[in-house]
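Asks: Need coordinates for the below:
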Amino acid sequence: MIAILSFFFLVVSCKEKKSSLGQQNNSAQETISEVVYEASTRGSFYKVIVNKNQVQKTKNRSASNFSSKTCSANEWKTVLSFTHTIDLNKIHELSAPTNQSARDVALHAKLKIITSSQTYTSVGFDHGNPPEELKSLVNTILTLAESIE
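Replies: This is a model prediction of the structure:
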């Protein structure tokens with residue numbers, strides 16, 4: 001009898017933990033308002049802003065003259081799904097696989113994930129070669145930017 005009660009308690013506890021974890025992920029997903037990718041060097045600049053309404057890009061350092069397109073619900077959902085694979089509190093601690101931007105061989109890039117209460121900024125990395133944990137998100141953002149005519 002004690003074994004059955006213990007088993008029941010264990011199952012209920014696991015379900016409650018799983019449920020609360022799911023709620024944390026959903027609330028985090030709802031609070032992300034924008035993702036910004038920026039890459040620059042002395043002579044070049046590239047910025048992409050993605051939110052649930054649009055994708056914008058510019059090569060103008062003064063952040064004017066944006067080209068844009070509508071961000072579909074599926075595209076935004078994809079962006080959000082990749083943000084949830086990242087520990088936002090440790091995004092600034094990730095290791096960049098290369099450091100060519102230190103010698104102006106590559107643009108120096110950063111990723112910002114903006115929520116309703118905070119901005120999480122990644123470690124700097126070479127344009128197009130982010131830390132492994134950011135690769136899917138960065139590739140998705142760059143692909144969305146390329147689709148702007």
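Asks: Read off the pLDDT value for the residue nearest to the spatial centre of the chain.
Replies: Nearest to the mean C-alpha position of the chain, by CA atoms, centre = their mean, lies Thr83 at 4.1 Å. pLDDT, Thr83: 95.
Asks: hey, where'd the strands end up in this protein?
Replies: For the chain, strands defined by DSSP state E occupy the ranges 32-40, 45-50, 54-58, 67-70, 108-115, 119-121, 125-126.
Asks: Can you lay out the ones you listed as CSV showing mean neighbour count?
Replies: C-beta: built from backbone N, CA, C; applies to glycine. Formatted as CSV, the strands of the chain follow (neighbours: other CB atoms under 10 Å):
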stretch, mean neighbour count
strand 32-40, 19
strand 45-50, 20
strand 54-58, 20
strand 67-70, 12
strand 108-115, 19
strand 119-121, 15
strand 125-126, 22
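Asks: So which of those is nearest Asn89?
Replies: Of all these, strand 119-121 sits nearest to Asn89, with 7.5 Å by CB to CB.
Asks: Including mean pLDDT, could the strands of the chain go into JSON lines?
Replies: Below are the strands of the chain laid out as JSON lines (pLDDT from 0 to 100):
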{"stretch": "strand 32-40", "mean pLDDT": "96"}
{"stretch": "strand 45-50", "mean pLDDT": "96"}
{"stretch": "strand 54-58", "mean pLDDT": "97"}
{"stretch": "strand 67-70", "mean pLDDT": "96"}
{"stretch": "strand 108-115", "mean pLDDT": "96"}
{"stretch": "strand 119-121", "mean pLDDT": "96"}
{"stretch": "strand 125-126", "mean pLDDT": "93"}
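Asks: Thanks a lot, catch you later.
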